[in-house]
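Asker: Please work out how this folds:
(2 chains)
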2 protein chains.
Amino acid sequence: MTRDEEAHAEKMRRIQAARATMMETKTEEKGLLIVHTGKGKGKSSAAMGMVVRAIGHGMKVGVVQFIKGAMHTGEKAVFDAFPEQVEFKPMGEGFTWDTQDRARDIAVTRTAWEEVKRMIADPGYHMVLADELNIALRYDYMPLDEVLAVFAARPPMKHVIVTGRNAPDALIDAADLVTEMTQVKHPFRSGVKAQAGIEF
Amino acid sequence: MTRDEEAHAEKMRRIQAARATMMETKTEEKGLLIVHTGKGKGKSSAAMGMVVRAIGHGMKVGVVQFIKGAMHTGEKAVFDAFPEQVEFKPMGEGFTWDTQDRARDIAVTRTAWEEVKRMIADPGYHMVLADELNIALRYDYMPLDEVLAVFAARPPMKHVIVTGRNAPDALIDAADLVTEMTQVKHPFRSGVKAQAGIEF
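Answerer: Below is the predicted model:
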């Protein structure tokens, strides 16, 4: 090895040792409450990526979409290939600015929430995704206290993922893992329309 | 309707109208160069979510993992269900701090990059994911100029996704869609270990 290569190997050995020491302290397994929020793209996509991993590990996953039910046709075709492992509930009846009926939106949200509650209580499910629940909370379609109580009382090994911009502070406080997706650049700004595989 | 409900419906009509006007200007379709960067989780997961959507729309996708090849067993099981639509190349031979051999890391990166180049040039692929390529760029395992030149010369409808923290500025400048994943809270901090379905 050259001196540069030796220096690189030594640096990597230090990183490896530091990481091993760090990982030794991480011994707990628990169901995580995960929140993806922020104005950037990728909140629902990252949740879908976790769903895919969970399926690959033989887990059973429940997916409830609170808002953009009609649009996400892409995932559905893949989930349909694993009917024993994914229960997919596209409950949301389109974006709220299209329905323009608050009472109906609240009723639809309630129906979707009952599905989430059922999946959280059912020991058959390892992971539950409440997609765009934050939007429903933002519009006060669901009482936040009720949502937090159900999450807090969930079985110890159950993973729950909540997506949507404007996650309430109390939900962030309660969560184990929170990522904020920040928009740096968006193609709509340069006149590109929503495309299959990217937006839906 | 009550007055509150009418006010809500009116507000939603305004949002709907504004959105329709905005969307009318978005008419272009093009292959996007997409970058997921930042220190938070979800960069690769969000890319995997896009891959799943693309598969659901009947597209063919190439996935090349530059770094954490051995760990992501979860997605592989799902991709294996769509052998005609996904070509998955877990080229990275583990994290760089485990290999401790710069010359070997550069050779492995080059092999992975040749796969990306082939998939970008091949009109059979609609989307190519270069997972954790940013890490390889960060360690100077690949010349950035070469990467940017291949991306710039790609076929017009080809989507390319690059993930990994520390995306180079020149890559961000060249990209159409950039999201930064910001870590708000991470369960490692409270002693929870990496778990199936979440980290791998």
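
Asker: Beyond the lowest-mean-pLDDT helix or strand in chain A, next helix or strand please.
Answerer: The weakest-scoring helix or strand in chain A, judged by mean pLDDT, DSSP states H and E, is helix A:96-99 (a mean of 62). Sequence-wise, the next helix or strand downstream of helix A:96-99 (DSSP states H and E) is helix A:102-121.

Asker: List the buried residues of the longest helix along chain A.
Answerer: In chain A, taking DSSP state H as the definition, the longest helix is helix A:3-24. Within helix A:3-24, the residues that count as buried by 16 or more other Cβ atoms under 10 Å in any protein chain shown are A:H8, A:A9, A:M12, A:Q16. C-beta coordinates here come from the backbone N, C-alpha and C atoms, glycine included.

Asker: Please look at the second one and B:D101 and confirm they touch.
Answerer: In other words, A:A9. Yes: using Cβ atoms under 8 Å as the test, A:A9 is close enough to B:D101 to be in contact (6.5 Å).

Asker: now the longest strand along chain A and strand B:177-185, what's the angle there?
Answerer: What stands out as the longest strand in chain A, according to DSSP state E, is strand A:177-185. Between strand A:177-185 and strand B:177-185, the angle comes out at 150 degrees (axes from the mean of the first three to the mean of the last three Cα atoms, to 10 degrees).

Asker: strands paired with strand A:177-185, and their directions?
Answerer: strand A:33-37 (parallel), strand B:177-185 (antiparallel) (DSSP bridges).

Asker: Mind telling me which of those strands the model trusts least?
Answerer: Confidence, taken as mean pLDDT, is least for strand B:177-185 of the strands paired with strand A:177-185 (a mean of 91).

Asker: Alpha carbons of it, as CSV, please.
Answerer: C-alpha atoms of strand B:177-185 as CSV (Å, rounded to 0.1, in the frame of the first residue of the first chain):
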residue,chain,number,x,y,z
LEU,B,177,-35.8,17.8,-8.0
VAL,B,178,-33.8,17.9,-4.7
THR,B,179,-35.0,17.0,-1.3
GLU,B,180,-33.0,17.3,1.9
MET,B,181,-33.9,14.8,4.6
THR,B,182,-33.2,16.5,7.9
GLN,B,183,-32.9,14.5,11.1
VAL,B,184,-35.2,15.8,13.8
LYS,B,185,-35.1,12.7,16.1
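
Asker: What residues of it count as buried?
Answerer: B:L177, B:V178, B:T179, B:E180, B:M181, B:T182, B:V184, B:K185.

Asker: same deal with stretch A:135-143?
Answerer: Per 16+ other Cβ under 10 Å, stretch A:135-143 contains these buried residues: A:I135, A:A136, A:L137, A:R138, A:Y139, A:Y141, A:M142.

Asker: Now do the phi/psi pair for the second one.
Answerer: Main-chain dihedrals, A:A136, degrees, to the nearest 10: phi -60, psi -40.

Asker: The third one too?
Answerer: Taking degrees, to the nearest 10, you get phi -70, psi -40 for the backbone angles of A:L137.

Asker: Quick check: which ranges of chain A have low pLDDT?
Answerer: Scanning chain A for pLDDT under 70 picks out A:1, A:22-23, A:25-27, A:68-73, A:92-100, A:188-191.

Asker: Try it again at 90.
Answerer: A:1-30, A:41, A:56, A:66-80, A:89-108, A:183-200 (pLDDT under 90).

Asker: before we move on, back to that, any idea how far the longest strand of chain A is from the chain center?
Answerer: With Cα atoms, centre = their mean, to the nearest Å as the basis, strand A:177-185 stands 13 Å off its chain's centre.

Asker: My guess is A:M119 contacts A:K60. True?
Answerer: No: using Cβ under 8 Å, A:M119 makes no contact with A:K60, being 9.2 Å away.

Asker: Quick check: neighbours shared by those two?
Answerer: A:E87, A:Y125 (Cβ atoms under 8 Å, 6 or more residues apart in numbering or on different chains).

Asker: Tell me which of the strands paired with strand A:177-185 approaches A:P156 most closely.
Answerer: Evaluated over these, closeness to A:P156 peaks at strand A:33-37, with 11.7 Å, by Cβ to Cβ.

Asker: Give me the residues contacting the closest one.
Answerer: For strand A:33-37, contacts defined as Cβ under 8 Å, 6+ apart pick out A:42-44, A:46-47, A:50, A:134, A:151, A:154, A:159-167, A:171-172, A:174-181, B:42, B:184, B:198.

Asker: among those residues, which ones are buried?
Answerer: By 16+ other Cβ under 10 Å, those give A:42-44, A:46-47, A:50, A:134, A:151, A:154, A:159-165, A:167, A:171-172, A:174-181, B:42, B:184, B:198 as buried.
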